[in-house]
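Chemist: The sequence isn't on hand, but the structure is:
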């Protein structure tokens with residue numbers, strides 16, 4: 001592949017890789033809801049309402065474990081393995097971009113960052129994290145319904161919207177995974193690039209990436225333009241919607257446009273950059 005083809009593939013992967021995983025996750029929601037319905041069907045009722053008794057509370061206390069079991073015995077596990085494994089592929093493409101333009105030798109510390117990033121990503125997407133962030137709030141809501149003797153039909157409707165989503169609102173699990181999947185690979189991509197850049201004399205960076213329906217104006221204005229390191233570091237002093245509050249001159253390369261940003265900084269050899277493309281927008 002040519003340099004431009006490698007860059008395009010790397011940039012595109014920041015969208016296609018997490019989206020492939022998100023699709024796997026989204027397919028699990030129906031199974032989760034069906035499993036929950038089977039459990040809720042065991043609840044004793046008082047007319048249209050849920051009976052307030054210890055048997056029902058004991059049933060509801062099984063929810064988090066049940067949903068975790070269903071999810072982690074599904075295609076979610078293989079999807080998660082594939083997603084985390086893609087970090088190595090992403091690192092390989094970044095290495096190729098450097099190798100095509102600069103003197104570059106891969107180091108063990110680069111591989112160490114890959115493993116550490118994979119580990120930290122798994123911690124946000126494993127059974128403990130999913131249970132705590134997605135299923136435990138659902139279980140607490142159900143417990144409240146039992147103790148208050150709420151209407152069974154209304155409780156089921158609420159749970160359906162939580163697990164399957166509603167008009168304009170993603171299912172809770174999908175929403176959670178979408179945020180961490182996109183952010184984790186994008187932050188890794190840019191952190192890895194900066195780690196390698198410490199060993200290479202980089203003068204210019206191209207701000208590149210795809211666009212989502214909610215891509216920020218901050219990114220749209222800078223997309224495709226070329227900047228110096230100093231100019232990029234100065235962006236941390238600006239304010240924009242969605243900016244990560246931890247953004248400063250040192251972290252701007254990692255956090256970029258903020259949450260859910262799929263843009264990245266591409267090292268560019270000054271000899272192959274059109275001078276008219278430099279500093280178009282700051």
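Modeler: That came through, no problem. Not measured: the values here are computed from a predicted model.

Chemist: Please make it C-alpha for all contacts and neighbour counts, starting now.
Modeler: OK.

Chemist: Please identify which helix or strand holds residue 207.
Modeler: strand 204-209 (DSSP states H and E).

Chemist: Report all helices and strands that that strand contacts.
Modeler: Contact here means 3 or more CA pairs under 8 Å, 6 or more residues apart in numbering; DSSP states H and E; on that basis strand 204-209 packs against helix 3-26, strand 226-228, strand 263-268.

Chemist: Looking at the ones you listed, which is nearest to residue 55?
Modeler: helix 3-26 (32.1 Å; CA to CA).

Chemist: Residue 67 versus residue 157, what's the distance?
Modeler: Counting by CA to CA, to the nearest Å, the gap from residue 157 to residue 67 is 18 Å.

Chemist: What of residue 49?
Modeler: 24 Å.

Chemist: With adjacent residues omitted, what lies nearest to the residue minimising distance to the centre of the chain?
Modeler: By CA atoms, centre = their mean, the chain has its centre lying nearest to residue 181, at 2.3 Å. In space, and not counting its chain neighbours, residue 181 is closest to residue 18: 5.5 Å by CA to CA, 6 or more residues apart in numbering.

Chemist: State the number of residues packed around residue 79.
Modeler: For residue 79, the tally of surrounding residues (other CA atoms under 10 Å) stands at 18.

Chemist: Wait, it touches residue 24, no?
Modeler: Yes - contact criterion CA atoms under 8 Å: residue 79 and residue 24 qualify, at 6.3 Å.

Chemist: picking up where we left off before, pick the most buried one from the helices and strands packed on strand 204-209.
Modeler: strand 263-268 (a mean of 25; mean count of other CA atoms under 10 Å).

Chemist: For that one, which strands pair with it and how are they oriented?
Modeler: strand 204-209 (antiparallel) (DSSP bridges).

Chemist: The strand it pairs with vs helix 3-26, what angle?
Modeler: 40 degrees (axes from the mean of the first three to the mean of the last three CA atoms, to 10 degrees).

Chemist: Residues contacting strand 204-209, please?
Modeler: With contact meaning CA atoms under 8 Å, 6 or more residues apart in numbering, strand 204-209 is reached by 11-12, 222-229, 262-270.

Chemist: can you check stretch 17-34 too?
Modeler: Contacts with stretch 17-34, where a contact means CA under 8 Å, 6+ apart, come from 67, 70-71, 74-76, 79-80, 83, 86, 160, 163-164, 171, 173-174, 177-178, 181-182, 185.

Chemist: Just the mean pLDDT for that stretch, thanks.
Modeler: For stretch 17-34, the mean per-residue pLDDT is 97.

Chemist: Buried residues of the host helix or strand of residue 232, list them for me.
Modeler: If you go by DSSP H and E, residue 232 is part of helix 229-234. By neighbour count on 16 or more other CA atoms under 10 Å, the buried set for helix 229-234 is 232-233.
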